[in-house]
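1. Got a sequence here, can you build the structure:
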Amino acid sequence: VTLADGTIACAGALDDTIDYYCGPIRFVPEKGYRFITFPITGTSWGNRGINSAGLALGESSQLLPGLNRKPDAINHDLAVRVILQTCATVNEVREFCRKYPFTLNMICTDARGDVFCAHQTAAGLLETAAETPCALTNHIVDDRLMYRLNRQGVTAFPESPTTRLRRGKLLDFAYGQRSE
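-> Have a look, this model is predicted:
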């Protein structure tokens, strides 16, 4: 997503060659915003995407074994679908995340260029610094957040061997540095 001044507001990449992504799907609901998403077969048809209000959402899964979930936690695929269909600004996304816990790393940007970067968990919202550029992959990016999650029952922080390297490469790209 590129803003009017040419600034890149949001970008995403699929690092896996997974056969179950359906490709871009356009939704025109009776109520709410139109949106384009890249869903996974068998889900609620919500994944990374952008809506007609200019809200873009990038996401990455996370595993938090042992987390003490709030009783009102919802499925992350459903949450993303609702966000794309009903939210126009990052502040609206932030409020949705405070109200409905679900587990997903996510970055949103809106038509004004505001940014929301967070580890949304089934135990509540853990917003990261609102610095730009920002990038998230499949891991928790802050040791203090890891400690806080451990106090909420998380027993391990599984991550792929490339998740931190991919985030570093994304940040290099975003800052305009060349990764070799």
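2. all helices in this protein, in order from the N-terminus.
-> Secondary structure of the chain (DSSP state H): helices at 76-86, 90-99, 143-151, 163-174.
3. So the residue positioned nearest the centre of the chain versus A118, what's the distance?
-> Nearest to the geometric centre of the chain sits M106, at 1.8 Å (C-alpha atoms, centre = their mean). Per C-beta to C-beta, to the nearest Å, M106 is found 6 Å from A118. (Glycine included, C-beta is placed from N, CA and C.)
4. just checking, T128 touches C134?
-> Yes: the pair T128 / C134 is scored as a contact, 7.0 Å apart, by C-beta atoms under 8 Å.
5. any common contacting residues for the two?
-> Common contact partners of T128 and C134 (C-beta atoms under 8 Å, 6 or more residues apart in numbering): C117.
6. between these two, which one's more packed in?
-> Remark: of T128 and C134, C134 carries more neighbours, 20 against 17, as counted by other C-beta atoms under 10 Å.
7. Who does the spatially closest residue to that one that is not a sequence neighbour form a beta bridge with?
-> Distance criterion C-beta to C-beta, 6 or more residues apart in numbering; nearest residue to C134, sequence neighbours excluded, is C117 at 4.3 Å. Note on C117: beta-bridge partners by DSSP bridges are I107.
8. Next, count neighbours for C117.
-> Residues contacting C117 under the criterion other C-beta under 10 Å number 22.
9. Can you check the pLDDT for it?
-> Per-residue pLDDT puts C117 at 88.
10. wait, doesn't it sit right on R94?
-> No: assessed by C-beta under 8 Å, C117 is found out of contact with R94, at 10.5 Å.
11. Between those two, which contacts overlap?
-> Counting by C-beta under 8 Å, 6+ apart, the contacts common to C117 and R94 are E127.
12. Give the residue spans of this structure that score low on pLDDT.
-> Flagging of the chain using pLDDT under 70 yields the residue ranges 1-4, 6-23, 39-46, 129-132, 177-180.
13. Could I get the full set of strands for it?
-> All strands of the chain, identified by DSSP state E, fall at 25-27, 35-37, 49-51, 56-60, 104-109, 115-121, 124-127.
14. Could you export these as a markdown table, including distance to T89?
-> Conversion of these to a markdown table gives the following (distance: least, C-beta to C-beta, whole Å):
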| stretch | distance to T89 |
| --- | --- |
| strand 25-27 | 19 |
| strand 35-37 | 15 |
| strand 49-51 | 11 |
| strand 56-60 | 12 |
| strand 104-109 | 9 |
| strand 115-121 | 9 |
| strand 124-127 | 15 |
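15. neighbouring contacts of stretch 84-101?
-> Stretch 84-101 is contacted from outside by 27, 29, 31-33, 35, 37, 46, 49-51, 53-55, 57, 69-70, 72-74, 79, 82-83, 108-112, 114-116, 118, 120-125, 127, using C-beta under 8 Å, 6+ apart.
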